[in-house]
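In: Structural data only, the sequence is not supplied:
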């Protein structure tokens, strides 16, 4: 789905990955206890570290090359993204989470959008958020979207309510998925994506939602006759469903790459535990059930990495494979769940406490099975596609 | 391990279970959102509800009959305990968690201990806590305990540090497991249990530990030359290891019963979700993957209940079976993990948020695999015992 | 579904269980290598041992009391059935598999049927089989049955084809599920059960089906205008679907009891392996992964036994619970799968070879997930029932 | 471990893979029912088909290039091997199983060995077998090997007993792993590999072992003062342990590649089932539990393929990674287990019968978890290696 990439500059990626790793190990990880405390102080520290990353040339590495990015191929970016992902706080600090919006705006936004929204993002002056899910609806079904946008006198009037919006409290603008046609119009012509700046009258953050007992910036937003210019439409009118699917595919892979990094961090923490004083007291080196945790963790990570790599290659080649993408997302999520679970067992009561980063990682692991496509939907969707392949073929080609 | 129980009064238990269920449904569950907020207000509400439970005759139901309890058999208590367990806040409100201490003091404490500590507990005026695990040690190995108690002029001098102590911040006294003999003494004669009132000079709550990101009263306590009278010893000097094991067995079953209640709550929440407006929008009734969640949850709960029942029967008959107890604990923990996991998947993003009680339940589920004997230790210990049975027998008798 | 049972004679069951266990250990198990070889010699040996069991008073123990049975309650029979089930050859030798037909005929057959078919079964002179599934159809859907029976001049004319019929080659009569009314009739009035003696003209065993590479008496039978007297109808005309469901419930529990016995045998074999010379060479006692196999096996067996016991109690009380029965069947099947799998891993290459009984047991374990209701159907059916409970209730009562 | 490969000729491999696939689909699969019947006729058919494969230029494709092979890189060979592996009978027909011996002899055999044993293999005139495991010992422990070889007058005298030898009944020579030094010598200098032609006096096939109820050429062989020339030693005297480990690594990957092919065959069979008349009767397309089987199967296969590919790349680059190899073996075995299990569930009773190839595939799947390193040993060994990495590092490098 991405613009044609130049041939991969694997070596550039390796060098950047190494730099990111050092930044994470030396700058971010020592600050994790501070970053994980609720409150304004942590948010300020996060901003400071983001600035520091920018100064080190490590901010927005997967942004479009035209807007500050340094890595053009998703396959190459895996090497960097898993290093960024080693800490749960890296998304905001390295802007890895907004690369998705940047690519959407770069590819589908008009010149004004690119100038007013994309360029400030690249400068670190704007922060996007994305409004799709709605309260009272079943999250994964676009056909149920009730937020509307209608055009009148050259302005979109947007009305509705969105929730589970990441960064709702800090975003400077939101991409809203809204219905722009009536029930009589087929769904693939009925939805559109429109940009709404957060300071537009009628845009209101209603409340913060806790996720697993933690305020992590997920919010609910109401839109009461919010008016924006006609050209704040992304892509064509009625093309929202297609944009949504393109966004989903790339988004899942970006997140999967971060999860693999976090899973690797867990395995490294396990390695540290076994050889620690307490690990030695418990004779962990000799225990087969401990070895089994390492085996399971390694196998899950190694397999997920390759599945993500292959899916990324398809995206780079402009022929994204939805089966491969969804399976990669599930595999990365599973690797993170296994790794964080194993690490927690090895750390025992300490792993549950605030003496390790494991609890925060566990939270991300658990949410990974629901957000961005829950396990059940993806299993059903992938299964359905595989079955439908066999309607006309006798063999499934794995390459 | 318990004093000989009179023949089970199953019907009494059924009636009490029904009352507890109504109390939970009508009084506690509507207050859960308030109870789950951190802070003093929630603690006060908890105390108020405990008083209300006492007034309704539902406090300390499994205390010794001599001290206010109404149910003598552990097998009968299952019916009540699983109703209490439906809410994560019931332990403190119904005093189900302190029944363990009450039985230990009733059976092994001398007359003074029973009068000074047990009776006030039964009156709701005293709250016990238990200090076993120590920082810097490997939690599950009693041989590594470094807290010491030595007798001098008729007083125990206790020195050491304990952590992961439930209710550390509110307890009025602590049962301390301490070393009362040197390394040359065999472990089963080297440890003792001693009562230390929380207001004794030298007793200090050093800090609260967060559990899964939540302050739930787990604390770290230092004991600096704390002095208590000689007769604050529970049982005999050097008998601490045996007491610890007895406590463990009963404690695991009591907790397992609560977990089953919590797992049943999750299944009931799943039932509600499927038939809710949102469940209907998502056509959940028709989905086989949803049915599979119900199947898995039911099977895990139904099996765990029976395993707990059988293990309880063994305790009632004064021949506790460690294999049966540990397997029951693991099965109940697993049922809770499956149930809370399934419910979370069915509720989707809402299940992660603070709009349902699922997040708090998930926290308890996750900790159940570590606290009170982690999965790995129990698997290894049960397996070792089973294998050693076959050293002299060719058949394992399941009855 | 069974006739009202007298109060359980648990002690009788215990004594019989002990006798069965000795018979299995001393008479059958030493003959297993011979019994497992394909061919007529093994069938003859099986008949000889069945006669021996009859002489020892251990044949048809769960037949109706009126026809030689000695145990009236299904819950009591569990103790015996799991001893019978320790060997895969016990079904034919103890007639545990035909107790199902015996109860169907006893309860729903008329006097002539009971005299002509049931009494000879009790005498060991007749062997029943059951024809339900049909080639070319989807096994689990009664609505697709195409075998027909129509009444003409006081005789049923039966036409059709049945397969996966246990004992097809040796049975003296078959209970045929056939369509006795047209498509316009509702299914619960369209099917009937009719007895067809194997020597009736038009009854033909077309071929033996291999199961997991093993000829175990599963056959395909064609019925070409087979004519039998009108009174060979079991129950009422059109009542076949209801009879089928009653048969299914009891059948699943009887089989589940045998599987538990087989699973226990596997665990005992594991115990023997660990302490054998080879087990000692491999230091199996010390290995946590070996202990884990024991833990998993024990937990699965102990849980399944109780689930079967509870489901049996419901049947005894004349209120069979389909959820409980199906969950018990799945749990017993799962216990057998885990136990035979664990044992095979502990025996290594030997466990795959013909030097142990494990391979035959594995075959039964694998088929248990398909025959008599495959996993997927049961999961979906149990889930659907649980969900439908919540349509009108907020809580699921586990007792 | 292999000689330096020329740069991969991926395209050659693709073309050969396509040819192999056609050969399998058109020539072998239609013959599977005949090939699976026990007896001499099936062996003759197998030989005929092997000849046909040779004439089609598809025999021994992974033999050393010097001896008829056409593919030099293991990574490239994956494409061919998974096509060969689609049928359980392909090993003998395509000589994929003897490529392992061919590489061992090519690399470590002297000129005479290459001429007398390797060249005839390439001509299809000789068939190797490998004798490692011994009865009465614990299979996976080389230190327990009791077969001895001592040199006297320029001849090796070999004495001992070996079992679980594939192709024991048809092999023309055996590579024997024997002890050539006493207990005082360290194990890595105490074992050697020696070639023993099957027609040497004292070499005797004692019996055939059944595997999962099936005679598949696994035998037990006794060696009674078998004498062979001194130069029948492979590699250096005392170097047997090192050779054994090299053989193991390559052998595991070759087998893993075949398993992936077999797993893909199962998925394709599932695809056929869903759209068959019976699949349509059962509405399989719509069932989420059926889709879940497809999802699980696809995910397992896709992940295993990449893990095998990576491990193969390491071998090609002469730096085989034991962790990667063993994890790849386990992943391929698991993929095959999941795929054959899922397919069996979808085919129901038919899948258990001899009407599909699934039963034979299931047998191979089950044995894959034991032969060539059982799951437990590999889990423990991989876990131990990973843990030991962390003794000196804080991070595990996945590339």
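Out: Done, it's in. None of these values were measured; they are calculated from a predicted model.
In: and the helix or strand harbouring residue A:178, anywhere near chain B?
Out: In the assignment (DSSP states H and E), residue A:178 maps to strand A:173-179. No - shown here: strand A:173-179 not in contact with chain B (CB under 8 Å from any CB of the partner chain), separated by at least 15.7 Å. Yep, even glycine has a C-beta here, placed from its N, CA and C like the rest.
In: show me the contacts for the closest residue to chain C within chain A.
Out: In chain A, the residue that lies nearest chain C is residue A:288 (3.8 Å; CB to the nearest CB). If you count contacts by CB atoms under 8 Å, 6 or more residues apart in numbering or on different chains, residue A:288 has them with C:287, C:288, C:289, C:292, D:376, D:379, D:380, D:383.
In: Kindly report the same for residue A:325.
Out: A:249, A:252, A:253, A:311, A:314, A:315 are the contacts of residue A:325 under CB under 8 Å, 6+ apart.
In: Equivalent analysis for residue A:159, please.
Out: Per CB under 8 Å, 6+ apart, neighbours of residue A:159: A:147, A:148, A:149, A:223, A:224, A:225, A:226.
In: Distance check, it against residue A:232.
Out: Here the distance between residue A:159 and residue A:232 works out to 15 Å (CB to CB, to the nearest Å).
In: tell me which element residue A:105 is part of?
Out: Counting by DSSP H and E, residue A:105 is part of helix A:99-108.
In: For chain D, what's the nearest residue on the stretch 151-300 of chain A?
Out: For the stretch 151-300 of chain A, CB to the nearest CB, closest residue to chain D: residue A:291, 2.4 Å.
In: Quickly find the element holding that residue.
Out: helix A:288-316.
In: between that helix and helix D:288-316, how big is the angle?
Out: Counting by axes from the mean of the first three to the mean of the last three CA atoms, to 10 degrees, helix A:288-316 lies at 90 degrees to helix D:288-316.
In: sorry, back to before: which residues are in contact with the helix holding residue A:105?
Out: The contact list for helix A:99-108 (CB under 8 Å, 6+ apart) reads A:1-3, A:60-64, A:66-67, A:69, A:113-114, A:117-118, A:121-122, A:128, A:130, A:175, A:193, A:234-235, A:243, A:246-247, A:250-251, A:254.
In: List the contacts of the residue lying closest to residue A:170 once chain neighbours are set aside.
Out: Closest residue to residue A:170 apart from its sequence neighbours, by CB to CB, 6 or more residues apart in numbering or on different chains: residue A:127 at 5.7 Å. Going by CB under 8 Å, 6+ apart, residue A:127 touches A:98, A:121, A:167, A:170, A:171, A:172.
In: Redo those as TSV? Include pLDDT and neighbour count.
Out: Listed next are these as TSV, based on pLDDT from 0 to 100; neighbours: other CB atoms under 10 Å in any protein chain shown:
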residue	pLDDT	neighbour count
A:98	91	25
A:121	95	25
A:167	90	20
A:170	90	16
A:171	95	24
A:172	97	16
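In: quick one on the thing from earlier: out of the contacts of residue A:325, which two are the most distant from each other?
Out: Of all pairs drawn from the contacts of residue A:325, the one with the longest distance (CB to CB) is A:252 and A:314, at 12.6 Å.
In: Looking at those two, which is more packed in?
Out: residue A:252 (24 against 21; other CB atoms under 10 Å in any protein chain shown).
In: Surely the more buried one touches residue A:378?
Out: No - the criterion here is CB atoms under 8 Å, and residue A:252 misses it with residue A:378 at 9.0 Å.
In: What ranges does chain A have for its strands?
Out: Counting by DSSP state E, chain A has these strands, from start to end: A:128-131, A:148-152, A:155-165, A:173-179, A:191-197, A:203-211, A:214-229, A:233-234.
In: Please dump those into a markdown table; it should also carry mean pLDDT for every row.
Out: Shown next, in a markdown table, are the strands of chain A (pLDDT from 0 to 100):
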| stretch | mean pLDDT |
| --- | --- |
| strand A:128-131 | 95 |
| strand A:148-152 | 96 |
| strand A:155-165 | 95 |
| strand A:173-179 | 97 |
| strand A:191-197 | 97 |
| strand A:203-211 | 92 |
| strand A:214-229 | 92 |
| strand A:233-234 | 97 |
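In: Can you check which of these gets nearest to residue C:203?
Out: For residue C:203, the closest of the strands of chain A is strand A:191-197, at 64.4 Å, according to CB to CB.
In: What are the contacting residues of the closest one?
Out: A:108, A:113, A:117, A:131, A:142, A:145, A:149, A:156, A:158, A:172-180, A:203, A:223, A:226, A:228, A:232-235, A:237-241, A:243-244.
In: try 6 Å this time
Out: With contacts defined as CB atoms under 6 Å, 6 or more residues apart in numbering or on different chains, strand A:191-197 is touched by A:149, A:156, A:173-177, A:179-180, A:203, A:226, A:228, A:232-234, A:237, A:240-241, A:243.
In: can you check stretch A:57-69 too?
Out: Here stretch A:57-69 makes contact (CB under 6 Å, 6+ apart) with A:20, A:23, A:53, A:70-72, A:77, A:80, A:95, A:99, A:102, A:106, A:118, A:122.
In: can you check stretch A:388-395 too?
Out: With contacts defined as CB under 6 Å, 6+ apart, stretch A:388-395 is touched by D:268, D:271, D:275.
In: ok, so of the residues you listed, who is nearest chain A?
Out: residue D:271 (3.0 Å).
In: Residue A:334 and residue D:345, how far apart?
Out: Counting by CB to CB, the gap from residue A:334 to residue D:345 is 22 Å.
In: what's the pLDDT at residue A:398?
Out: Residue A:398 carries a pLDDT value of 90.
In: need the contact list for it.
Out: Shown in contact with residue A:398 (CB under 6 Å, 6+ apart): no residues.
In: Quick check: residues of chain A near chain D?
Out: Within reach of chain D by CB under 6 Å from any CB of the partner chain, chain A has these residues: A:268, A:271, A:274-275, A:285, A:288, A:291-292, A:294-295, A:298-299, A:303, A:306-307, A:327, A:379-380, A:382-384, A:386-387, A:390-391, A:395.
In: Buried only: go through these for me.
Out: Among the residues of chain A next to chain D, those classed as buried by neighbour count (16 or more other CB atoms under 10 Å in any protein chain shown) are A:268, A:271, A:274-275, A:285, A:288, A:291-292, A:294-295, A:298-299, A:303, A:306-307, A:327, A:379-380, A:382-384, A:386-387, A:390, A:395.
In: Let me see the confidence value for residue A:140.
Out: 66.
In: Domain boundaries for chain A, per the record?
Out: Domain assignment for chain A, taken from automatic domain parsing, gives A:10-109, A:128-234, A:242-389.
In: Name the stretch among those that sits most buried.
Out: domain A:242-389 (a mean of 22; mean count of other CB atoms under 10 Å in any protein chain shown).
In: The strand holding residue A:178 packs against which elements?
Out: Judged by 3 or more CB pairs under 6 Å, 6 or more residues apart in numbering or on different chains; DSSP states H and E, strand A:173-179 is in contact with strand A:128-131, strand A:148-152, strand A:191-197.
In: Now do that strand: everything it contacts.
Out: By CB under 6 Å, 6+ apart, the list of residues contacting strand A:173-179 reads A:117, A:128-132, A:145, A:147-149, A:158, A:190-191, A:193-198, A:240.
In: now it and strand A:155-165, what's the angle there?
Out: 100 degrees.
In: For residue A:267, see how far away residue A:280 is.
Out: On the measure of CB to CB, residue A:280 and residue A:267 end up 19 Å apart.
In: circling back to that earlier point, make TSV out of the helices and strands packed on strand A:173-179 and add distance to residue D:320.
Out: Below are those laid out as TSV (distance: least, CB to CB, whole Å):
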stretch	distance to residue D:320
strand A:128-131	46
strand A:148-152	59
strand A:191-197	50
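In: got a list of what residue A:134 touches?
Out: For residue A:134, the contacting residues are A:161, A:162, by CB under 6 Å, 6+ apart.
In: Quick check, pLDDT for the residue nearest to residue A:210 when sequence neighbours are not counted.
Out: Using CB to CB, 6+ apart and skipping the chain neighbours, the partner closest in space to residue A:210 is residue B:354 (4.0 Å). Reading off the confidence values, residue B:354 has pLDDT 88.
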